[in-house]
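Enquirer: A structural model of the following input is requested.
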Amino acid sequence: MSPIIEALNLSFRYAGEERWAIKSINLKIYPGELVLITGPSGCGKTTLCRCFNGLIPHFYEGELEGILIVDGLSIVENKTCKLAQRVGMVFQNLENQLIMLSVEDEIAFGLENLNLPRDTIKERINEVLSILGIEHLRYKSPYELSGGEQQKVAIAACLAMKPKILVLDEPTAHLDPLSSKVLFDILSSIRKRLNLTIILVEHRLDMVASIVDKVIVMDKGQIILQGGPREVFTTPIIKAIGIGIPKLILLYEDLLLNNLKLDFPPLNINEAELLLRKLLSR
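Expert: Numbers count the residues shown, from 1 in each chain. Here you go, the predicted model:
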């Protein structure tokens with residue numbers, strides 16, 4: 001299977017800056033994967049995401065080196081308007097993304113810019129409202145909604161464009177734990193239903209550890225680790241750069257220090273319960 005996103009020695013430096021925001025990025029993301037990108041604040045996560053849909057280099061000025069291919073398209077040779085039909089992006093600050101007076105108009109906005117037929121637009125609006133369970137919000141203003149509802153509307157507007165890739169930059173930054181859990185459940189569901197590739201920039205690792213296929217850890221503009229969540233979260237360098245390790249991984253490591261070995265690091269409560277029961281029965 002060919003990667004849907006491939007970066008080769010990708011680097012970017014914003015205009016007027018001496019420091020490279022990202023440096024020598026090499027990665028492959030495959031169709032249908034749910035990928036977590038994490039790392040300390042200022043490590044380059046958002047800059048990398050801006051490359052995926054062509055905001056870099058077409059909207060943010062600076063120096064770009066290397067190659068990034070997204071769904072077969074070079075980000076240098078193709079404008080953001082074309083890449084945006086393949087990559088939907090939900091930004092951290094939703095107030096800058098939600099600009100229309102009603103949820104229906106918000107979802108329709110991108111479709112109208114594509115000059116799609118009115119019947120097609122109506123059909124897509126109905127579809128994404130149903131997928132996200134927000135039919136009751138159709139005629140409300142996005143500014144009247146809760147943070148969790150605004151997230152769903154922003155995702156719906158992206159999904160209406162029929163992208164192959166959905167990128168979310170710290171989507172739980174303004175959400176409480178319950179709303180965050182609901183959001184991650186929705187992402188897991190739509191990923192399977194729509195066969196989406198999802199890239200998630202997130203700090204709440206406890207909630208996402210069990211749903212992601214791959215973890216990419218960044219520090220100082222570079223990728224320092226990438227692999228499966230069990231492998232990455234048990235690597236000692238994670239603690240050194242100050243990432244909040246999932247609590248179940250910390251439990252696993254504490255048990256190891258006390259000569260109590262679980263079969264593998266648990267990523268959710270159900271796994272932990274089964275492993276602990278097995279351990280106690282020995």
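Enquirer: Scan this protein for its longest helix.
Expert: helix 177-194 (DSSP state H).
Enquirer: CA atoms of the helix or strand following that helix as CSV?
Expert: With elements assigned by DSSP states H and E, the helix or strand that comes after helix 177-194 is strand 197-201. Provided in CSV are the C-alpha atoms of strand 197-201 (Å, rounded to 0.1, in the frame of the first residue of the first chain):
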residue,chain,number,x,y,z
THR,A,197,-7.2,9.0,7.4
ILE,A,198,-7.1,11.1,10.6
ILE,A,199,-4.2,13.1,12.0
LEU,A,200,-4.7,14.4,15.5
VAL,A,201,-2.5,16.9,17.3
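Enquirer: what pLDDT does the residue minimising distance to the centre of the chain get?
Expert: In the chain, the residue lying closest to the centroid (C-alpha atoms, centre = their mean) is Leu200, at 1.6 Å. With respect to pLDDT, Leu200 has a value of 95.
Enquirer: next one: Leu55
Expert: 94.
Enquirer: Correct me if wrong: it contacts Thr80.
Expert: Yes - using C-beta atoms under 8 Å, Leu55 makes contact with Thr80 at a distance of 6.1 Å. Glycine gets a C-beta too; all of them are placed from N, C-alpha and C.
Enquirer: And these two? Which one has more around it.
Expert: Comparing Leu55 with Thr80 by other C-beta atoms under 10 Å, the one with more neighbours is Leu55, at 20 against 17.
Enquirer: what sits against the more buried one?
Expert: Going by C-beta atoms under 8 Å, 6 or more residues apart in numbering, Leu55 touches Thr80.
Enquirer: one more time with 10 Å
Expert: 46-47, 49, 75, 80, 83-84, 87, 89, 91 (C-beta atoms under 10 Å, 6 or more residues apart in numbering).
Enquirer: Between Leu55 and Thr80, which contacts overlap?
Expert: Val87.
Enquirer: mind checking pLDDT for the residue nearest to Tyr14 when sequence neighbours are not counted?
Expert: Closest residue in space to Tyr14, ignoring its immediate chain neighbours: Gly62 at 4.4 Å, by C-beta to C-beta, 6 or more residues apart in numbering. Looking at Gly62, its pLDDT is 95.
Enquirer: Surely Gly62 touches Ile56?
Expert: Yes - Gly62 is within contact range of Ile56, at 7.2 Å (criterion: C-beta atoms under 10 Å).
Enquirer: okay, those two: which has more neighbours?
Expert: Ile56 (25 against 16).
Enquirer: Kindly state the domain boundaries assigned to this structure.
Expert: 1-86+163-236, 97-162, 246-282 (automatic domain parsing).
Enquirer: Give me the contact list for the longest helix of the chain.
Expert: Contacts for helix 177-194 (C-beta under 10 Å, 6+ apart): 32-34, 128, 131-133, 146-149, 151-152, 155-156, 159, 162-164, 166, 168, 171-176, 196-198, 200, 202, 204, 206-208, 210-213.
Enquirer: Give me the buried entries from those residues.
Expert: 32-34, 128, 131-132, 147-149, 151-152, 155-156, 159, 163-164, 166, 168, 171-172, 174-175, 196-198, 200, 202, 204, 206-208, 210-213 (16 or more other C-beta atoms under 10 Å).
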